[in-house]
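In: let's see this in three dimensions:
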Amino acid sequence: MGARMVEVGLRSRWGAIVAFAVVGASTQLVWLNFAGVTTVAAARYGVSESAIGWLAQVFPLLYVVLAIPAGLILDRWFRSGLIAGAVLTALGALLRLGGDDYGWLLAGQIVASVAQPLVLNAVTGITGRYLAEKDRPTGIAAGTASIFAGMVIAFLLSAIFADGSELPTMLWLTAIFSVVAAVILIVALRKPGEHKVERRRPDRGALRVAWGDPLIRRVCVLALFPFGVFVAMTTFSQALLEPAGVSAGTASTILLINVVAGVIGSAVIPVLVVRHKSEAALLVASLSATALACVALALWPGVAMGFIAITLIGFLLLPALPIVLELVERRTGEAEGTAAGLIWMAGNLGGLLVAVIVGLLVDHPLVAFLVMAGVALIAVPGARSLRQPIAELNVAELNVAEPDAQG
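Out: Numbers count the residues shown, from 1 in each chain. Reported below is the predicted structural model:
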């Protein structure tokens, strides 16, 4: 497990990666459509702001439940599972157009939230099947960056269509985007990937293989912390910075820049890190910088510090996801869908837990920011402990590649 053969004569099919990127963005767009218009949406549909919040919260809740089953489906029927995720995302977006009331919105969100694990868990599988080995770190970075780019699109649409009367237009544009994304993916995956052959029979041991690997278990535990800090920060930064004079509009701009910085970081940093075999060092640095940024927000809250600290968190923390997913792809081979599901499940669970804790402290910003700093610091020893197993993985791959290249 973890050793891979040198591939000869097989070309990367980047069209499949582009198609996946568009679908990945659509999942985030459907998820976060109402994140920036909670109050307006509540007034339009005659429900509470908490009810509108559930349109987003249903995604991480169902992800925790469905992550492993989705991973098992992808390991057995990769193309069919991924296409099903794209089609269900589009169907969920279309369901929200069924009527101008909250019930249709919730129904659409539930359908799309079922689809999300089938799409996001596939980020390692799509690169392993359609890209040559040398291109896979770039493919994983691009696929992950596209997921964050979907968040940016969602924030932009909610800023453009901020009036209650404009919400149907936003939903129509999201539905069109999702349907087009699904069609593009179906066309791109009309032929199976050449680099990994899909299984002809189910592998009931995929979960055992993935969870039985000590490196994967460590990464799953580690994922709880950065995911938790990021979700809590994006959820409550506006409320936590408001006492320091940061307006809602300014806070939204800060969060938008945070995600844009994350997109840039996720597209660039992981490729450089993998090339220089410095995965553990980057994880330690990003967690340490995140902790310092949270301490700075606790002690010197304000507009300037909000822009600096939260942008830094996005640029350094979000690339941790493609880095750990690239490790998963290299380590687990044919069980990468299940292993990726474990990572996403752990991350979403961490997001829920830390967000709940920070939410209880929303009236005490200093304590809340210090809690997030503590969560990031707790993970630093775990990130440092990955150095040895990652080094062993690199040596094992080198030892296998050299005889194959000579043969």
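
In: Arg141 sits in which helix or strand?
Out: You called it Arg, but residue 141 is Ala. Element membership of Ala141 [criterion: DSSP states H and E] is helix 136-160.

In: angle of the helix or strand following that helix against helix 136-160?
Out: Scanning forward in sequence from helix 136-160 by DSSP H and E, the next helix or strand is helix 167-188. Interaxial angle, helix 167-188 versus helix 136-160 (axes from the mean of the first three to the mean of the last three C-alpha atoms, to 10 degrees): 160 degrees.

In: which strands or helices does helix 167-188 pack on?
Out: helix 14-32, helix 38-45, helix 78-95, helix 136-160 (3 or more C-beta pairs under 8 Å, 6 or more residues apart in numbering; DSSP states H and E). In short, each C-beta sits where N, CA and C put it, glycine included.

In: quick one: which of these is nearest Ala296?
Out: Ala296 lies closest, by C-beta to C-beta, to one member of the helices and strands packed on helix 167-188: helix 136-160, at 23.1 Å.

In: from the chain's centre, how far out does that closest one sit?
Out: Remark: helix 136-160 is offset 9 Å from the chain centroid, using C-alpha atoms, centre = their mean, to the nearest Å.

In: and that helix, what does it pack against?
Out: So helix 136-160, by 3+ C-beta pairs under 8 Å, 6+ apart, packs with helix 14-32, helix 123-130, helix 167-188, helix 248-275, helix 320-332.

In: just put the helices and strands packed on helix 167-188 in a markdown table and tack on distance to Leu167.
Out: Shown next, in a markdown table, are the helices and strands packed on helix 167-188 (distance: least, C-beta to C-beta, whole Å):
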| stretch | distance to Leu167 |
| --- | --- |
| helix 14-32 | 14 |
| helix 38-45 | 6 |
| helix 78-95 | 14 |
| helix 136-160 | 9 |
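
In: and these as TSV, adding mean neighbour count?
Out: Shown next, in TSV, are those (neighbours: other C-beta atoms under 10 Å):
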stretch	mean neighbour count
helix 14-32	24
helix 38-45	18
helix 78-95	23
helix 136-160	23
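
In: any chance of the ones you listed in JSON lines, with distance to Pro301 and mean pLDDT too?
Out: As requested, the helices and strands packed on helix 167-188 are exported to JSON lines (distance: least, C-beta to C-beta, whole Å; pLDDT from 0 to 100):
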{"stretch": "helix 14-32", "distance to Pro301": "25", "mean pLDDT": "93"}
{"stretch": "helix 38-45", "distance to Pro301": "23", "mean pLDDT": "83"}
{"stretch": "helix 78-95", "distance to Pro301": "37", "mean pLDDT": "96"}
{"stretch": "helix 136-160", "distance to Pro301": "22", "mean pLDDT": "84"}
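
In: before we move on, the earlier item: buried deepest among the helices and strands packed on helix 136-160, which one?
Out: By mean neighbour count, with neighbours taken as mean count of other C-beta atoms under 10 Å, helix 123-130 ranks first of the helices and strands packed on helix 136-160 at a mean of 28.

In: show the average pLDDT along that helix.
Out: Mean per-residue pLDDT for helix 123-130: 86.

In: mind listing residues that contact that helix?
Out: The contact list for helix 123-130 (C-beta atoms under 8 Å, 6 or more residues apart in numbering) reads 12-14, 16-17, 20, 24, 74-75, 78, 82, 135-136, 139-140, 143-144, 147, 192-196, 198, 322, 325-326, 328-329, 336-337, 339-340.

In: and Val367, how many neighbours does it have?
Out: Counted with other C-beta atoms under 10 Å, residues neighbouring Val367 total 13.

In: that one sits in which helix or strand?
Out: Using DSSP H and E, Val367 falls in helix 365-378.

In: next: Lys277.
Out: Assigned by DSSP H and E, Lys277 falls outside every helix and strand.

In: need the pLDDT of it.
Out: pLDDT at Lys277 comes out at 81.

In: so how far is Leu386 from it?
Out: 12 Å (C-beta to C-beta, to the nearest Å).

In: what about those two, which has more around it?
Out: Leu386 (21 against 12).
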